[in-house]
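Student: Next input, structure requested:
(chains A and B)
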There are 2 protein chains.
Amino acid sequence: MPRLGVIRDTTEVLRGRVAQSSIPSDFKTYFYTQTLDHFNYRPESYTTFQQRYAINSKYWGGGMSGAPIFVYLGEETSMDTDLSAIGFLTDHAPQFNALIVYIEHRYYGQSVPFGEVENASSLGYLSSSQALADYAEIILEIKKNLSANGCPVIVIGCSYGGMLASWFRLKYPHIALGALASSAPILYFDDITPQDGYLSVVSRDFRETSESCYSSILQSWAEIDKVASQPQGLSVLSKRFNTCVPLNNSAELKSYLTFSIYAVAAQYDYPPGSVALICRGFDETPKGTDVLGKIIAGVSAYKGNLRCLNVPSAIGPAGNVNLNQNTAWSWQTCTEMVMPIGGGINATLFPHAQHFDLNAGIEYCKSFYGVSPRPHWITTHFGGHDIKRVLKRFGSNIIFSNGLRDPYSIAGVLGNLSDSLVALTTKNGAHCLDLLPESREPNDPDWLTAQRSSEARIIAQWIAQYKADQAANC
Amino acid sequence: MPRLGVIRDTTEVLRGRVAQSSIPSDFKTYFYTQTLDHFNYRPESYTTFQQRYAINSKYWGGGMSGAPIFVYLGEETSMDTDLSAIGFLTDHAPQFNALIVYIEHRYYGQSVPFGEVENASSLGYLSSSQALADYAEIILEIKKNLSANGCPVIVIGCSYGGMLASWFRLKYPHIALGALASSAPILYFDDITPQDGYLSVVSRDFRETSESCYSSILQSWAEIDKVASQPQGLSVLSKRFNTCVPLNNSAELKSYLTFSIYAVAAQYDYPPGSVALICRGFDETPKGTDVLGKIIAGVSAYKGNLRCLNVPSAIGPAGNVNLNQNTAWSWQTCTEMVMPIGGGINATLFPHAQHFDLNAGIEYCKSFYGVSPRPHWITTHFGGHDIKRVLKRFGSNIIFSNGLRDPYSIAGVLGNLSDSLVALTTKNGAHCLDLLPESREPNDPDWLTAQRSSEARIIAQWIAQYKADQAANC
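Tutor: Numbering: from 1, shown residues only, chains lettered A, B, ... in the order given. As a prediction, the model looks like this:
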């Protein structure tokens, strides 16, 4: 989940871990004629677009059997890159005789209402509420087409898609029986989570992995600034770090290392560990290597043999930002997905990280897209404040799963809200790890296998209860 | 709640029962700068309009006291006519030290985004989802302004407003602790409720009130047709019924009697009883009066001494319709509030009533407004099918109150869905009767007083539980 450029697209990383990057052959692709605007009735609201979804019925028991339907709610990426990276649904479908459905999020992949346009008029229909309503319509359509009215639906999502999954269960309980919301930072809005929460977890991940590694990184910032301030210093830095284009200032490099290397490594710190990989890179340098040399070795160990290091030169409002990486998602962060991530006293490894500056962000978004963010809309519409009190006696059947090495977990639901709004955490898990394919992780640690089993067991309980309720009504 | 002209505006009738038709002096009126389009981010979505609301703080304990906020969610009418007709909030505020808030529904009263316009482009932002989001924003704003963050909010609504109240609790549990949904026919969508349900209750009401009255009405339809088929017959009918303009056909008269007299009398059959009033009119005619004479006497008894009977000549899709009576509401019935009300075998008193014809309705709405209804949207977005199974284990704190003489009660929630999603019904109650002012009903029957007390007691329990939860978190 990239947030104002903080983090790279989830699936960019997931993709790197799997062989395929196309639609697995067990899936058949369909297009649904989707309503552009579910909430208004202007003549333009009736415009339609083709929304892509895919179905795998290999394991399905059929509509009459009442077998469940697992629906993956696509997040901010193309189905092509996402589908082969997800394992949970396919891995568990056999034991449930489940139908597997993937729905691509509007404005991503091939589900683009207006093609490749980037202005506010055409992007204006891209919002989480519209996306949830899209899912509602498609799920009902699939159930109707397959005569599967009595089949319970479980929605599943990762990261932003995990938020959507939890919100979908809350807003559309009549369509989804339950939700598995993996690594969904639904509390990273307004002031619910301290803005330095994200980087504080990155700091902790590094410190816990290697105290010396942590120290080297902490030292390196001053060293980078020191070199940069010398005559030809930037040129020296550019050469040593092998940047693709010469650095304009040291902030570019620091921002890149912070958000594109360390943060990403922490977020996707999957076993056997990307943070450890970087730190090993540090440790394995010859004795006497200076601190920048260690950093460079760590980056190389993590990134592999790149032709050059693609340090972006565009800096956005928070000093960390490269908004252009993904127009549709950056649009979302410029409208409603305003997650205040920044520096602070708990982001100990990143003293240079700037505080989140909402006003600067607003100005940036206004100049970039011509629209103002609505930073309070997510909490107005979906809640978040006092979540434990609010949901203690409202709602049911959501699993909030988090790996605590994932910096976004700081804004996830980490404790049970009620008997059936439950949190599953793993100390050494990372972003959406539970949804990755089992079969592709031959060395899955026991705690990960246990987490996935717990998820499947809870889902089975929901379904059993649903069937008991159904039977009781007969 | 008028539905494709079936029923007159609730408050038209409520208004007739109270002296005032302006804002009571205890209320202060405000305007909130409201977002036109909460769900999109097009440049036009940022347009704002002034939405009216009113606050009565006479009884309030203040923000620090944690006293509750009673919020009446306006339905399809102006605050001016509505506010003085509602009693429940004012009557119960003293015992709760409650703040009273009334929020006018967008596109009604003075909360009109584009003034008096009637085309789809300007009316297009009129939808239930937008209205709910409006309420969310205003409630949060009021709580902020009054430093009332810790004060629980109870939303209350009547008829369509009752639907909104129940939906608001379901969609915005983080803003409203509970909802009192009075006479909310949330199940009159799709095929959940038989389309002849409404008229079947009207039939029952008349039959239970007076078998002879019921027989006379049933006889009258053939008599009307017989007279109409004779030379000068329509002129005779027009004269006898004293219509303001000559009848064009007998269907006009039958439709008027069905939907503007009998159905309205049944819907608002408040003690001491409008159905009984009509039937007494029948009975008190001199011996030997013909059946039309009885009908005319009954109508006169009900309507009082009118200069003439305003039988509308516009007939809409279901043969029953006068769409122009209220543009904003008829717009809503032409977009999402598609309630299939029509004739059928259980509408025994109305053999002439036509079946609901969705296709005809769609054609009518298209020609009238240029947009197509979305007849499945309400159940897609808010649910309704299998409501007992869906909500048995989801949601909390809604009272569905219904008076069973109200024809809309047939599509209300008449049984408890769970421990805290409860139904309160009164055998002899009618549309929104529980929300009328106590003080203005000196002869309130005991069962009505008991219903209101039950509602207040349940609300008090919600609040007590909320405070206990709050305290437990400290």
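
Student: Close to chain B: what parts of the stretch 351-474 of chain A are there?
Tutor: Near chain B, the residues belonging to the stretch 351-474 of chain A are A:370-372, A:374, A:377, A:379-397, A:420, A:465-466, A:469-470, A:473 when assessed by C-beta under 8 Å from any C-beta of the partner chain. For every residue, glycine as well, the C-beta is placed using N, CA and C.

Student: Among these, which lie within strands?
Tutor: Using DSSP state E to define strands, no part of those is located there.

Student: For the buried ones among the residues you listed, write the corresponding PyMOL selection.
Tutor: The PyMOL command for the buried members of these (criterion: 16 or more other C-beta atoms under 10 Å in any protein chain shown) is given here:
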select buried, chain A and resi 371+374+377+379+380+381+382+383+384+385+386+387+389+390+391+392+393+394+395+396+397+420+465+466
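
Student: which residues of chain A score low on pLDDT?
Tutor: A:1-21, A:314-326, A:439-442, A:474 (pLDDT under 70).

Student: which residues in the stretch 1-150 of chain A form helices?
Tutor: A:10-16, A:79-83, A:88-96, A:120-123, A:128-145 (DSSP state H, counting those that start in this stretch).

Student: Can I get these in CSV including distance to B:Ser330 and mean neighbour count?
Tutor: Output for these, formatted as CSV (distance: least, C-beta to C-beta, whole Å; neighbours: other C-beta atoms under 10 Å in any protein chain shown):
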stretch, distance to B:Ser330, mean neighbour count
helix A:10-16, 47, 20
helix A:79-83, 42, 24
helix A:88-96, 45, 19
helix A:120-123, 30, 19
helix A:128-145, 24, 21
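
Student: Dump those into a markdown table; add distance to B:Ile142 as well.
Tutor: Below are the helices of the stretch 1-150 of chain A laid out as a markdown table (distance: least, C-beta to C-beta, whole Å):
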| stretch | distance to B:Ile142 |
| --- | --- |
| helix A:10-16 | 39 |
| helix A:79-83 | 42 |
| helix A:88-96 | 43 |
| helix A:120-123 | 31 |
| helix A:128-145 | 23 |
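
Student: Does the closest residue to A:Leu433 other than its chain neighbours have any beta-bridge partners, and if so which?
Tutor: Leaving aside its chain neighbours, A:Leu433 sits nearest to A:Gly403 (5.1 Å; criterion: C-beta to C-beta, 6 or more residues apart in numbering or on different chains). Each beta-bridge partner of A:Gly403 is listed here: A:Thr426, as defined by DSSP bridges.

Student: ok, back up a step: output the helices of the stretch 1-150 of chain A in a markdown table, with distance to chain B appended to each entry.
Tutor: Listed next are the helices of the stretch 1-150 of chain A as a markdown table, based on distance: least, C-beta to the nearest C-beta, whole Å:
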| stretch | distance to chain B |
| --- | --- |
| helix A:10-16 | 23 |
| helix A:79-83 | 23 |
| helix A:88-96 | 20 |
| helix A:120-123 | 5 |
| helix A:128-145 | 5 |
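
Student: circling back to that earlier point, in helices, which of the residues of the stretch 351-474 of chain A next to chain B appear?
Tutor: Those of those mapping onto helices are A:377, A:379-382, A:387-392, A:465-466, A:469-470, A:473, per DSSP state H.

Student: Out of those, flag the one nearest to A:Tyr46.
Tutor: A:His381 (23.5 Å; C-beta to C-beta).

Student: Can you name the residues that contact the closest one?
Tutor: A:129, B:38, B:133, B:136, B:172 (C-beta atoms under 8 Å, 6 or more residues apart in numbering or on different chains).

Student: Which residue, neighbours along the chain excluded, lies closest to the third one?
Tutor: Taking C-beta to C-beta, 6+ apart, and ignoring the residues beside it in sequence, B:Ala133 has B:His38 as its nearest neighbour in space, at 3.9 Å.

Student: can you tell me which of the helices of the stretch 1-150 of chain A comes nearest to A:Asp283?
Tutor: Counting by C-beta to C-beta, A:Asp283 lies closest to helix A:10-16 out of the helices of the stretch 1-150 of chain A; the figure is 23.6 Å.

Student: Quick check: the gap between whichever residue of the stretch 351-474 of chain A sits closest to chain B and A:Trp377.
Tutor: Taking C-beta to the nearest C-beta as the measure, the point where the stretch 351-474 of chain A comes nearest chain B is A:Gly383, at 3.0 Å. A:Gly383 is 12 Å from A:Trp377, where distance means C-beta to C-beta, to the nearest Å.

Student: just A:Met337 next, same as before
Tutor: 9 Å.

Student: correct me, but the residue nearest to B:Ala133 touches B:Ser127?
Tutor: No. In this structure B:His38 lies outside contact range of B:Ser127 using C-beta atoms under 8 Å: 10.0 Å.

Student: Who are the packing partners of the host helix or strand of A:Gly162?
Tutor: For A:Gly162, the host element (DSSP states H and E) is helix A:160-171. Applying 3 or more C-beta pairs under 8 Å, 6 or more residues apart in numbering or on different chains; DSSP states H and E, one finds that helix A:160-171 contacts strand A:69-73, helix A:128-145, strand A:153-158, strand A:178-182, helix A:377-382, strand A:398-403.

Student: make it 10 Å
Tutor: Under the contact definition 3 or more C-beta pairs under 10 Å, 6 or more residues apart in numbering or on different chains; DSSP states H and E, helix A:160-171 sits against strand A:69-73, helix A:128-145, strand A:153-158, strand A:178-182, helix A:377-382, strand A:398-403, strand A:421-426, helix B:160-171.
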